[in-house]
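Q: okay, predicted coordinates and the sequence, questions at the end:
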Amino acid sequence: MYTINLGSRHPSLLAKVRFWLTDYELHCVACYRFGHWVGGLRERRPVLGVLGLGVFWFWNRHNMRIHHTEIGRRADIGPGLLVMHRSGIMIGPVVIGSNCVLHHNVTIGQRIAAGDHGVPAIGDDVWIGPGAVISGAITVGDGCTISAGTVLSKDVPPRSLVGGNPGRVIARDYDNANMINFVVPGRPAEQPSPILGDE
């Protein structure tokens with residue numbers, strides 16, 4: 001996060017504090033990470049967990065009112081989540097791999113129609129453009145690029161460029177490395193990515 005936003009892996013303490021206080025995209029990601037952590041704490045230490053959930057509830061309400069962003073604490077999101085523009089992001093209890101880039105007005109969650117209560121599983125190194133909607137029990141492979149305004153409700157293979165409504169594969173073997181920015185290491189070996197991009 002420091003490398004992307006401050007241009008250094010080891011910025012000065014003053015630069016870090018200014019970043020912590022003023023970067024609202026960081027606040028949204030930090031709120032999700034805190035809520036996800038508190039969910040695990042509640043299982044180990046119920047009293048502390050309940051207190052933590054209370055803090056998370058108020059923090060999350062603040063984010064929704066001020067930033068119009070909600071990333072559900074039950075989502076399972078790998079390291080390197082980058083929110084480029086925070087406004088209008090809604091994410092349900094989905095699975096997202098490492099190094100996902102999100103833009104504004106993105107919705108990821110259940111499809112609901114026809115009784116489909118499944119949620120998407122999104123791989124590593126996925127770039128999701130403004131106004132995209134990803135819904136239903138679908139798989140988005142590693143390295144995919146979801147163009148702005150895409151409405152996606154079906155599986156897409158790894159390294160695909162996807163666009164349109166309904167979303168369809170526009171190009172295969174599309175390289176989005178320049179769009180992902182800085183890549184952090186993925187999940188530990190004992191927690192493999194939920195999406196296999198080698199098929």
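A: Good, I have the coordinates.
Q: quick one, phi/psi of His27?
A: phi -60, psi -40 (degrees, to the nearest 10).
Q: quick one, phi psi at the closest residue to it other than its chain neighbours?
A: Distance criterion Cβ to Cβ, 6 or more residues apart in numbering; nearest residue to His27, sequence neighbours excluded, is Asn63 at 6.9 Å. C-beta here means a position set from N, CA and C on the backbone, and glycine is covered the same way. Backbone torsions of Asn63, given as degrees, to the nearest 10, read phi -60, psi -40.
Q: per-residue confidence at Asn63?
A: At Asn63, the model reports a pLDDT of 87.
Q: cool, Gly49 as well?
A: Looking at Gly49, the pLDDT reads 85.
Q: what of His103?
A: 94.
Q: now do Gly186
A: For Gly186, the predicted pLDDT is 65.
Q: got it, and Asp198?
A: 41.
Q: and the chain, what are its domains?
A: The chain breaks down by automatic domain parsing into domains covering 1-69, 74-183.
Q: would you tell me which one of those is buried the most?
A: domain 74-183 (a mean of 19; mean count of other Cβ atoms under 10 Å).
Q: contacts for the helix or strand encompassing Leu48 next, please.
A: In this assignment (DSSP states H and E), Leu48 forms part of helix 46-67. Residues from elsewhere that reach helix 46-67 (Cβ atoms under 8 Å, 6 or more residues apart in numbering): 24, 27-28, 31, 34-35, 37-39, 41-43, 69-70, 73, 86-87.
Q: 10 Å instead, please
A: Residues from elsewhere that reach helix 46-67, judged by Cβ atoms under 10 Å, 6 or more residues apart in numbering: 24-25, 27-28, 30-32, 34-43, 45, 69-73, 83, 86-90.
Q: the next helix or strand after that helix: partners in the sheet, and parallel or antiparallel?
A: Next helix or strand after helix 46-67 toward the C-terminus (DSSP H and E): strand 70-71. Paired strands of strand 70-71, with direction, are strand 90-91 (parallel) (DSSP bridges).
Q: let's verify the closest residue to Gly88 other than its chain neighbours: helix, strand, or coil?
A: In space, Gly88 comes closest to Asn105 once its chain neighbours are excluded; the distance is 3.9 Å by Cβ to Cβ, 6+ apart. Per DSSP: H, G, I helix; E, B strand; the rest coil, the secondary structure class of Asn105 is coil.
Q: show me what contacts Asn105?
A: Asn105 makes contact with 68, 85, 87-90, 129-133, 148-149 under the criterion Cβ under 10 Å, 6+ apart.
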